[in-house]
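Novice: would you be able to build a 3D model of this:
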Amino acid sequence: LVARQLESVGTVRVMVYSMGGMAFLLGCLGYLFDIVGALFTIHDDGHHRQGVIVMLLTVILFFMGAFFSSITTGYYSLVSLVFVEKESAMSSIEAAVGTGYVLGPFFGSILYEEMGYQHAYAFISLGMMVMALVTWKYLSFYLKYKPPEGVSFDDDKSSDLEAQHDGFAHDNSLELNRDSTDGRENIEKQLLNANTQQQRVVPQPSTISLLKCPKLLISAATIMWINVSWTCIEPLLAKRLDDFHVGKKQIGMVFSLANIIYVPTVFLAQYLPRHYTLRRQHGIISLSTMLTPIVVLLIGSNSFPSVILGIALQGLLPSPVWILLLPFMQEQSAVLFPHPTMKRRVNDLTAGMYNSFMVLGQVVGYIIGPLMMVGSEKQHGFARMTQIVALMIFLQSLMFYFGTKGYTRRKKDATSSYSF
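Specialist: Numbering: from 1, shown residues only. Model prediction:
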């Protein structure tokens, strides 16, 4: 839903407003229990209070998820539009995300111990608001005055329309009288009329139309199952390590191990050979996906060193998928809708689709995880359930390898102009 509005509302604006919304909701979380407590009397039995708290927490977390998805969809779309070397940009973003996962629990525990629950959330809320302002100022300046190679920034409506109409003008032989007395207004009207005509002729992309392409559907399912391999382990890992008599502090270190390895892996990936052909992208993604089941099998083993090795490889083996799959999907989307006027919309919709299936993998993983725990307490066993998940991921890797062959790279465009 957010991806469909990025072009009309503006990517930077969507990201900044979403960060501001998250900052407000984080502040609400800090004072939620006091506010609810003040609404009930001392004689209340507590059941109504708990129900209200659960309801408000659900609403707050729902909207936080919406704001968070808006931010992630925004920066996935932005980097793929403004950077020529998308893989390098994706590696930097994924390294930053992994760093956040490593430092988040550490700083969160310190803030909670030193400042208390309310002040910790207030501090985080303030920090989020400051980052929103920095993002607004920096990105607006960067995109307007220092645009990357191949991209020009223009807030002017007529210039944006002219850029959108650029690829269609030759087909319609539209003559613009730039010396007329009305000048700019006539140009805008003619361009708007041309855009209306081309919308009737040029197929309009949508998420459904993109998903109808088997290659894109298989690619989206691949990132979903890669994320399943991460998240299905989390509900079980603490219990699994406890069976090996690992202390609480050591369990926390083990939880961070995958991200600690993931951060330098994806960051150093940008220094690999810069020219990724579609054939090379396809091969690397296929190999990475085929090796990912090894992670699940090792974590499900009965050997403690094997479990640790599996967690370490969790930050290594799937890493290329996070860097290369989105650029690969965007190239395939551009082949389906090659018209220059569709480039921005196709890019945004593909970023939104990628992000949606990635988060869907988290949902599936958190559902499969507890089922695996139930299985481990009954007759199936933890190892058997991890074998099932590993088999499903391996089958998905085969589907990606054979189902996404026959790719075609789009033709290079001229310099584009976007309004961010």
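
Novice: and the most centrally placed residue in the chain, how far from Lys212?
Specialist: Nearest residue to the geometric centre of the chain (Cα atoms, centre = their mean): Asn355, 4.1 Å. Going from Asn355 to Lys212 by Cβ to Cβ, to the nearest Å gives 19 Å. C-beta coordinates here come from the backbone N, C-alpha and C atoms, glycine included.

Novice: the strands in the stretch 151-300 of the chain, which residues?
Specialist: Under the criterion DSSP state E, counting those that start in this stretch, the stretch 151-300 of the chain contains strands at 151-153.

Novice: what ranges of it fall below the confidence cut-off?
Specialist: 151-202, 248-249, 270, 272-276 (pLDDT under 70).

Novice: shouldn't Ser18 be in contact with Met64?
Specialist: No: taking contacts as Cβ atoms under 8 Å, Ser18 lies outside contact range of Met64: 9.8 Å.

Novice: looking only at neighbour counts, state which of the two leads.
Specialist: When neighbours are counted by other Cβ atoms under 10 Å, Ser18 and Met64 differ, and Ser18 comes out ahead with 22 against 18.

Novice: mind listing what the more buried one touches?
Specialist: Phe67, Phe68, Ser70, Ile71, Gly74 (Cβ atoms under 8 Å, 6 or more residues apart in numbering).

Novice: closest to Met224 among those?
Specialist: Phe68 (17.7 Å; Cβ to Cβ).

Novice: which residues do Ser18 and Met64 both contact?
Specialist: Common neighbours of Ser18 and Met64 (Cβ under 8 Å, 6+ apart) do not exist.

Novice: quick one, what contacts Val389?
Specialist: Here Val389 is in contact with Val228, Ser229, Cys232, Pro293, Val296, Ile368, Met372 (criterion: Cβ under 8 Å, 6+ apart).

Novice: in CSV: those residues, plus neighbour count and distance to Pro205.
Specialist: Listed next are these as CSV, based on neighbours: other Cβ atoms under 10 Å; distance: Cβ to Cβ, whole Å:
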residue, neighbour count, distance to Pro205
Val228, 26, 28
Ser229, 24, 30
Cys232, 27, 33
Pro293, 23, 34
Val296, 25, 35
Ile368, 21, 32
Met372, 25, 38
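
Novice: okay, these in a markdown table with distance to Ala351 next?
Specialist: As requested, the contacts of Val389 are exported to a markdown table (distance: Cβ to Cβ, whole Å):
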| residue | distance to Ala351 |
| --- | --- |
| Val228 | 21 |
| Ser229 | 22 |
| Cys232 | 25 |
| Pro293 | 27 |
| Val296 | 28 |
| Ile368 | 26 |
| Met372 | 31 |
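
Novice: contacts only, for the closest residue to Lys405 other than its chain neighbours.
Specialist: Closest residue in space to Lys405, ignoring its immediate chain neighbours: His282 at 7.2 Å, by Cβ to Cβ, 6 or more residues apart in numbering. By Cβ under 8 Å, 6+ apart, His282 lies in contact with Phe328, Tyr401, Thr404, Lys405, Tyr407.

Novice: just the buried residues of these.
Specialist: Phe328, Tyr401, Thr404 (16 or more other Cβ atoms under 10 Å).

Novice: so for those, which is the shakiest by pLDDT?
Specialist: Lowest pLDDT within those is found at Thr404 (87).

Novice: quick check: the gap between that residue and Ala220.
Specialist: Relative to Ala220, and taking Cβ to Cβ, Thr404 is found at 11 Å.

Novice: so what sits against both of those two?
Specialist: With Cβ under 8 Å, 6+ apart as the test, Thr404 and Ala220 reach no residue in common.

Novice: burial count for Ile388?
Specialist: With other Cβ under 10 Å as criterion, Ile388 counts 16.

Novice: cool, the one 3 residues further on as well?
Specialist: Each residue near Leu391 was counted by other Cβ under 10 Å, and the total is 13.

Novice: before we move on, what about Pro305?
Specialist: So Pro305, with other Cβ under 10 Å, has 9 neighbours.

Novice: excluding its backbone neighbours, what's nearest Val296?
Specialist: In space, Val296 is closest to Ala390, 4.2 Å off (Cβ to Cβ, 6+ apart).

Novice: the stretch 101-250 of the chain: helices as residue ranges?
Specialist: 157-172, 184-201, 207-211, 214-231, 234-243, 248-268 (DSSP state H, counting those that start in this stretch).
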